[in-house]
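[1] quick one: sequence and predicted model below, then my questions.
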Amino acid sequence: MRGGALRALGTAALALGGATGAVGAAIEIAAAARLNQPPGETVVAAATVAALGALVGALMAIPAVAGSALARRWRVGRTAMVGIALVGGLAVAWWLTDPLGRRLVPLYLVFCAGTGAALALAAWLARARVSLPELLAAAIVGLVGVAVVVAIPPETYEELQDLGFLVAVAGSLAAAAPLVVRILRWRLSWIAAVGVIVAALAELAALGRVDPRSRDASLRSSPGARALRVITDVDRDGYSALLGGGDCDDLDTAVHPGARDAPGGADANCDGVDAPAQLDDVARGLAPATGDPALPPGAVDLVLLITIDCWRADALDPRLMPAVSAFAAGGMRFERLYAAGSSTLASLPMVVGVGPRGPWVGDMARGRGIQADAVFAGGVPAELWGFPALRHPPSWAERTTDAALARIAESSSRPRFLWVHYFDLHALEQYAGERPASAEPGQLSSRYRVAAEHVDRAIGRLVAQLDRRGLLVRTAVIMTGDHGEGMGEHGVYFHGRSGFDPVLRVPGVLRAPGVPTVVVSSLVSHRDIPATLLGALGLSSEAAGAERFGRSWLRLRDDPRRPLHRFVISRSARSVSGRELRAPLAVLVDSRYKVMGGLVGGQLELYDMVADPGETRDLAGREGERARAMWLELAAAWDLDYQEAPE
């Protein structure tokens, strides 16, 4: 009896470990081919995922064998087993998605139902004697699961990738059912299973010596590792203490990488740095304050802030956006402007607020009797940021400009402040079927270029109308993107995750009376804009008081080469799931280097932005001391951000 149970356990470990490892390796290779990943990295990643899959599968063998034994003892029939698989699949699928509290989101309901159905089908097909059509059906189930995982952009919708992986493993096991039965007849199958586990552990250790970066990246992102982190999340706060989960106390729900680190207390967010009680200018990366942060009172009648959703730095190109480029050429243009965050909700509060929880520039302006209003396309909740009377026109750029011009015409107060937000580069689907007039820049998608051309014409008309009405000469204009947009670089599509330049570096323009025509090559940040807005309104003391996080760009009027920052920081995440940002990531950029640090997975990457502007060579392994020193600076500033971020 014992020998039979041991043999069954060994067989299950072999089957589950083999299927999980093989499916994981196949998915990794397919995804690498899709992203043109170097062959060496592909081999290491595939071997890592295969070894990890073998370990996960071996662990899954224990409940599988126990369930099978109970089914035989209670004489559970095949139809009942299918029902159990269906219900169990739905439960497992929902358990994987529920920690983020989605409840009844239709997309996740569909995927969970599909997962349960696929597992039920796999249970129906997994028997000793199957026909060729049934084997083909099982193989198709497995291939569908693989296709789902490969088709979903990397580090996006992680739960859907996990469900696809689960379906792929189930289909593979069903297709391999005859082979499993043959292994079961082998008396020493448990010895082979132990050998697979030992080999997998040895392989993971060896890969850590060959290419630790690729191995660790695969451990962070593979469905097997995520499954283990979900299973071992003892306090169910969304973070595990194993496999780079980042939780330094898995028995306390208040301690995890997403927690707020209170100053003078324990390290609540597990970044290895206790939050300081306060940060001085040096610790925040600010250069000494020189020059006047404000225009003279009465110098302008209108301060116009223009933000463009998803506007990445290389989209400010005269071949693509000639009107905006020509306007920018008449003022101060910033080549190295970094967004405060990789998503709208992380960046825009820092554009119009003195810190992520304010006070808000709109409220401060109204407190001095200055009219402050906003015209928005898109659904961002800017009413939370000091603009309660918002108008939400459709996302078409021309209509946004119409609403902005109407608002300017309605107001007679001097000075006044208007914030206009264009959403077209985010809502690309509205331009389906249109073709761009320009083929450049080539790395930008066709729809993105079409949307950029519409925004360019709309802003060009806005500026032309201001000029025609005689307003432009007494207008201060600040223009930027809320964040960039990934176009496949580094395997990143869209935004909200990663710390690479396509997502974080954005255009920046300042045009105002007395501002020279110059290109500024030193570091600047979204965190500079609140002080710049207040300075443009002539509020000198408020502008200086707003420089806890940045410096007013108006200080550069006398000497545009003067640095405003020692370093700038941005907030991001390693992955996105629906609208949720997961695995906190922060970025610090100085005059030459960029360090990216993540609390989940122990991620620490270092890039030389001068020698390697494409961010292709991670130097953290070779320059560990520099990376660690920059991380300590970043962690302290990051803690302050999270202290002041909204609940």
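    Cool, the structure landed. Residues are numbered from 1 along each chain as shown.
[2] where does Asp267 land in three-state SS?
    In three-state terms, and counting by DSSP: H, G, I helix; E, B strand; the rest coil, Asp267 is coil.
[3] quick one: it from Gly496, how far?
    Taking CB to CB, to the nearest Å as the measure, Asp267 and Gly496 are separated by 26 Å. Where C-beta positions appear, they are placed from N, C-alpha and C, glycine not excepted.
[4] just want to know which of these two has more residues nearby.
    Neighbour tally, Asp267 and Gly496, criterion other CB atoms under 10 Å: the higher count belongs to Gly496, 25 against 17.
[5] the more buried one contacts Ser342, correct?
    Yes. With contact defined as CB atoms under 8 Å, Gly496 counts as touching Ser342 (5.5 Å).
[6] okay, the residue nearest to Ala346 when sequence neighbours are not counted: pLDDT?
    Computed as CB to CB, 6 or more residues apart in numbering, the closest residue to Ala346 that is not its neighbour in sequence is Arg571, at 5.0 Å. In the predicted model, Arg571 carries a pLDDT score of 85.
[7] what bridges to Arg571?
    Counting by DSSP bridges, Arg571 forms beta bridges with Gly341, Ala586.
[8] report the secondary structure state of the nearest residue to Arg366 once chain neighbours are set aside.
    Counting by CB to CB, 6+ apart, the nearest residue to Arg366 once its immediate chain neighbours are dropped is Ala372, at 5.4 Å. When the structure is reduced to helix, strand and coil (three-state DSSP), Ala372 reads as strand.
[9] tell me, how many residues neighbour Ala372?
    A total of 26 residues lie near Ala372 under the criterion other CB under 10 Å.
[10] now the one 5 residues further on
    Using other CB under 10 Å, Ala377 has 24 neighbouring residues.
[11] quick check: it vs Val477, distance?
    Computed with CB to CB, the distance linking Ala377 and Val477 is 18 Å.
[12] again, but for Thr307
    Between Thr307 and Val477 the computed distance is 12 Å (CB to CB).
[13] list the contacts for the residue lying closest to Ala546 once chain neighbours are set aside?
    Counting by CB to CB, 6+ apart, the nearest residue to Ala546 once its immediate chain neighbours are dropped is Ala531, at 4.0 Å. Ala531 makes contacts with Pro293, Val354, Ala543, Ala544, Ala546, Glu547, Gly550, Arg551, Ser552, as judged by CB atoms under 8 Å, 6 or more residues apart in numbering.
[14] repeat that with 6 Å
    Counting by CB atoms under 6 Å, 6 or more residues apart in numbering, Ala531 makes contact with Pro293, Ala543, Ala546, Glu547, Gly550, Ser552.
[15] just the element for it, please.
    In this structure, Ala531 is located in helix 529-536 according to DSSP states H and E.
[16] and whichever helix or strand comes after that helix, what does it pack onto?
    Reading on from helix 529-536 to the C-terminus, the next helix or strand found by DSSP H and E is helix 540-545. Where contact means 3 or more CB pairs under 6 Å, 6 or more residues apart in numbering; DSSP states H and E, helix 540-545 is packed against helix 529-536.
[17] repeat the analysis, applying 10 Å as the threshold.
    Under the contact criterion of 3 or more CB pairs under 10 Å, 6 or more residues apart in numbering; DSSP states H and E, helix 540-545 touches helix 361-367, helix 529-536.
[18] phi, psi for Pro293 please.
    Backbone geometry at Pro293, expressed as degrees, to the nearest 10, gives phi -80, psi 0.
[19] what sits up against stretch 517-524?
    Contacts of stretch 517-524 from elsewhere in the structure, counted by CB atoms under 10 Å, 6 or more residues apart in numbering, are 285, 287, 328-338, 480, 508, 510-511, 532, 550-551, 553, 556-557, 560-568, 589-591.
[20] middle-most residue in the protein, spatially?
    Arg497 (1.4 Å; CA atoms, centre = their mean).
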